[in-house]
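**Q** okay, here's the prediction I keep looking at, along with the sequence it came from:
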4 protein chains.
Amino acid sequence: MKSTGRKADEKQRKRPFLSKKTTITNRKKIHIEWGDCDPAQIVHFPRYFAYFDACTAGLFKRVGLPKRKMLKTYGIIGIPLVDVRASFTAPSRFSDTVVVESEVTEWRRSSFSVRHRLFNKGVLAVECFEVRVWAAASAADPERIEGKPVPREVIKMFSAESNPKNNHRAAHQKSRRKKQ
Amino acid sequence: MKSTGRKADEKQRKRPFLSKKTTITNRKKIHIEWGDCDPAQIVHFPRYFAYFDACTAGLFKRVGLPKRKMLKTYGIIGIPLVDVRASFTAPSRFSDTVVVESEVTEWRRSSFSVRHRLFNKGVLAVECFEVRVWAAASAADPERIEGKPVPREVIKMFSAESNPKNNHRAAHQKSRRKKQ
Amino acid sequence: MKSTGRKADEKQRKRPFLSKKTTITNRKKIHIEWGDCDPAQIVHFPRYFAYFDACTAGLFKRVGLPKRKMLKTYGIIGIPLVDVRASFTAPSRFSDTVVVESEVTEWRRSSFSVRHRLFNKGVLAVECFEVRVWAAASAADPERIEGKPVPREVIKMFSAESNPKNNHRAAHQKSRRKKQ
Amino acid sequence: MKSTGRKADEKQRKRPFLSKKTTITNRKKIHIEWGDCDPAQIVHFPRYFAYFDACTAGLFKRVGLPKRKMLKTYGIIGIPLVDVRASFTAPSRFSDTVVVESEVTEWRRSSFSVRHRLFNKGVLAVECFEVRVWAAASAADPERIEGKPVPREVIKMFSAESNPKNNHRAAHQKSRRKKQ
């Protein structure tokens, strides 16, 4: 699952492909279910990662790439993780409704970073950083998974400027956030 | 879920409570189940955290503290996470049997760190670092969770020297590892 | 977890407490996530039961009893299952959005039945019948769980006639369904 | 996911393919994990189905068909469920170790039934009946799943008489059970 071409990745990093301010943020409401909580009555932490996985899928769906379509269109097997870290600063409980804000924070050659921030009653409760690989089955050995370059058109979809619909939504979101 | 007394924690860090070489390592075999895998045919990453949560429980059980007993004996509600990070270097698939080696790498005042290393066919496939809090319900507000000092006797249980049974097992384990 | 008083239950059965036509139906949209699916690319069946558990919670929330409030108000530990059966007639896949219709089909003294019907693209894909117990910790032994009589006011909440708000919604729902 | 040939199935039912007494039973020990339990401190019922799915896989592994090998050898995509029912008579809690006994109770043309009995401290706590289909991707439409005849050699593997190794184990198991 290693991403190919670390050097190429480094180079990519310097290319100001996507200025940070234009990136798309997806907001997803999640209702904390009884079955997501453990005997301490709080969310069992592995379930947060299931939420975040759904949030990353939601982010791609938002720009026009629901997961099934994304896999078919680009011939990938998925976008598996190579690295993840999370900080849990406040617990959440069943019957809570939380909001997760997700955005791609960096594109590299064959991998990318996603940040999720989960808010409970307006307070940041969990922050998570994922590094994911644009992954396909190896042509030589279908059981092997290898990183592929992220298609430029995919990256472009995340740029608000190139996407008036998203731009509008981002603006709308901003104004909503101000009101909070 | 914040650990109390960061300063106290810093001080604790310097006290050479537990020299690293004496710590207990628990080894747990895990059979990767069909239901742990996603449509890419590999373990869905949140499931790794469920494995690791069970491995931390297994580590405490190994030193004489199965979770239910631990909670009752010390009046805690659990050992929830405040921080976690993981690197995934090789995928695992259903029908694989993996081995996870787990050990406490640091004790602080009211928190501690655990490292898990998951091996598939002898190769390190996932590495995970957890920071957990020794947590009780707040006396003032039972809905609030707060860190409590980790009892010294608990920390001692992890010291092979103070525990001839564990010492023996650790030695046994070492020799087994040499043979591999 | 056995419900107390089977005979009392039998009697209850005959009392036409709630005529079927007045009961509340809750409709819940569920987006099938990647992590809910197995290597056959379809929903791993235990996840359906997690959906249905959330749907039962959603049904109670709909009548004014979000789970946390329900537990606090009535001093119960939950509504655990004693019996469940399900038929799977069509698979669902990640990126599908399904709809689950849930309703209480019978109230007994200390237990009740819930039916869930999951539709994918308008076709019934899964049908599930749950029997749940209104359960509290035993006064004698807090580790024991025992059935308690379902409060009459809870049952009333599910009666559309006694609940103009729900009645309205039910009517609305009916008309919507006709249009489909 | 419908099994093909209900009539053929009926016929099969009458063929005394496998006399009940010779069938293989698999016993699997399961340690109930913290993360399998809900805020009522008992196993969240969907997790039981994950256990049972693993137990069915364990049963096939026992007769020589670990899941990955089974899928490859017979060109199937899995053995998805068409029907399941379960009764929960006693709760289980984290730190409990339970035993599940699993066996195929009936073979039909393209489907089969499995019974699981979960014992906690020797007491039957959960009983589950699964009906599963021997399923392959449709040749006409790879997205469609269809039932295929269960290979006769697979059924034979479950017959203790045809399998001296299993026969021995079954005998051993019997004697062990007597001692309990």
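**A** That came through fine.

**Q** model confidence score at the residue nearest to residue A:36 when sequence neighbours are not counted, please.
**A** Leaving aside its chain neighbours, residue A:36 sits nearest to residue A:47 (4.3 Å; criterion: C-beta to C-beta, 6 or more residues apart in numbering or on different chains). Every C-beta, even on glycine, is put in place using the N, C-alpha and C of the backbone. Looking at residue A:47, its pLDDT reads 98.

**Q** please apply the same query to residue A:142.
**A** Reading off the model, residue A:142 has pLDDT 85.

**Q** now swap in residue A:77 and tell me
**A** 97.

**Q** ok, back up a step: now do the SS call for the residue nearest to residue A:36.
**A** helix (DSSP: H, G, I helix; E, B strand; the rest coil).

**Q** residues contacting the residue nearest the centre of chain A?
**A** In chain A, the centroid-proximal residue (C-alpha atoms, centre = their mean) is residue A:56; its distance is 3.2 Å. Taking C-beta atoms under 8 Å, 6 or more residues apart in numbering or on different chains as the criterion, residue A:56 is in contact with A:79, A:102, A:114, A:116, A:130, A:132.

**Q** now the two most distant members of those.
**A** By the measure C-beta to C-beta, A:79 and A:116 form the most distant pair in the contacts of residue A:56, at 14.2 Å.

**Q** hmm, residue B:46 and the residue nearest to residue A:36 touching each other?
**A** Yes. Shown here, residue A:47 and residue B:46 form a contact pair, counting by C-beta atoms under 8 Å, at 7.1 Å.

**Q** before we move on, back to that, which strand or helix spans the residue nearest to the centre of chain A?
**A** Using DSSP states H and E, the element containing residue A:56 is helix A:45-62.

**Q** just residue A:70 next, same as before
**A** helix A:67-74.

**Q** same thing with residue A:113?
**A** Going by DSSP H and E, residue A:113 is part of strand A:111-120.

**Q** right, and the helix or strand after that strand?
**A** Strand A:111-120 is succeeded, C-terminally, by strand A:123-133 (DSSP H and E).

**Q** that following strand near chain C at all?
**A** No. Strand A:123-133 does not reach chain C (C-beta under 8 Å from any C-beta of the partner chain); its nearest approach is 12.2 Å.

**Q** which helices and strands sit right next to the helix or strand that that strand is followed by?
**A** For strand A:123-133, the succeeding helix or strand toward the C-terminus, using DSSP H and E, is strand A:135-137. Using 3 or more C-beta pairs under 8 Å, 6 or more residues apart in numbering or on different chains; DSSP states H and E, the elements in contact with strand A:135-137 are strand A:145-147.

**Q** the strand it packs on pairs with which strands, and in what direction?
**A** Using DSSP bridges, the strands paired with strand A:145-147 are strand A:135-137 (antiparallel).

**Q** up against chain C, what does chain A have?
**A** So chain A meets chain C at A:31, A:33-35, A:50, A:53-54, A:57, A:61, A:66-69, A:78, A:93-95 (C-beta under 8 Å from any C-beta).

**Q** among the residues you listed, which ones are buried?
**A** A:31, A:33-35, A:50, A:53-54, A:57, A:61, A:66-68, A:78, A:93-95 (16 or more other C-beta atoms under 10 Å in any protein chain shown).

**Q** so how many other residues sit close to residue A:130?
**A** 25 (other C-beta atoms under 10 Å in any protein chain shown).

**Q** is it in a bridge, and if so with what?
**A** Here residue A:130, judged by DSSP bridges, has bridge partners residue A:84, residue A:114.

**Q** how close does residue A:113 get to chain C?
**A** Distance, residue A:113 to chain C, using C-beta to the nearest C-beta, to the nearest Å: 19 Å.

**Q** can you give me the neighbour number for the closest residue to residue A:49 other than its chain neighbours?
**A** Spatial nearest neighbour of residue A:49, chain neighbours left out: residue B:46 (3.8 Å); criterion: C-beta to C-beta, 6+ apart. Using other C-beta under 10 Å, residue B:46 has 22 other residues around it.

**Q** was I right about residue B:46 contacting residue A:44?
**A** No. Here residue B:46 does not reach residue A:44: they are 9.9 Å apart, not a contact under C-beta under 8 Å.

**Q** list the helices and strands the helix holding residue A:70 packs on?
**A** Against helix A:67-74 (3+ C-beta pairs under 8 Å, 6+ apart) you get helix A:45-62.

**Q** convert the C-alpha atoms of the helix it packs on to CSV, please.
**A** What follows is helix A:45-62, C-alpha atoms only, in CSV (Å, rounded to 0.1, in the frame of the first residue of the first chain):
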residue,chain,number,x,y,z
PHE,A,45,-13.2,5.1,19.5
PRO,A,46,-12.9,2.7,16.5
ARG,A,47,-16.4,3.8,15.6
TYR,A,48,-15.1,7.4,15.1
PHE,A,49,-12.9,6.0,12.4
ALA,A,50,-15.9,4.4,10.7
TYR,A,51,-17.5,7.9,10.9
PHE,A,52,-14.5,9.5,9.4
ASP,A,53,-14.3,6.9,6.6
ALA,A,54,-17.9,7.8,5.7
CYS,A,55,-17.0,11.5,5.9
THR,A,56,-14.1,11.1,3.4
ALA,A,57,-16.6,9.2,1.1
GLY,A,58,-19.0,12.1,1.7
LEU,A,59,-16.4,14.6,0.7
PHE,A,60,-15.8,12.9,-2.6
LYS,A,61,-19.5,12.5,-3.1
ARG,A,62,-19.9,16.2,-2.6
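
**Q** now the angle from that helix to helix A:67-74?
**A** Using axes from the mean of the first three to the mean of the last three C-alpha atoms, to 10 degrees, the inter-axis angle of helix A:45-62 relative to helix A:67-74 is 60 degrees.

**Q** returning to what we had before: any chance of the contacts of residue A:56 in JSON lines, plus distance to residue A:145?
**A** JSON lines is the format used below for those (distance: C-beta to C-beta, whole Å):
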{"residue": "A:79", "distance to residue A:145": "11"}
{"residue": "A:102", "distance to residue A:145": "24"}
{"residue": "A:114", "distance to residue A:145": "19"}
{"residue": "A:116", "distance to residue A:145": "23"}
{"residue": "A:130", "distance to residue A:145": "17"}
{"residue": "A:132", "distance to residue A:145": "12"}
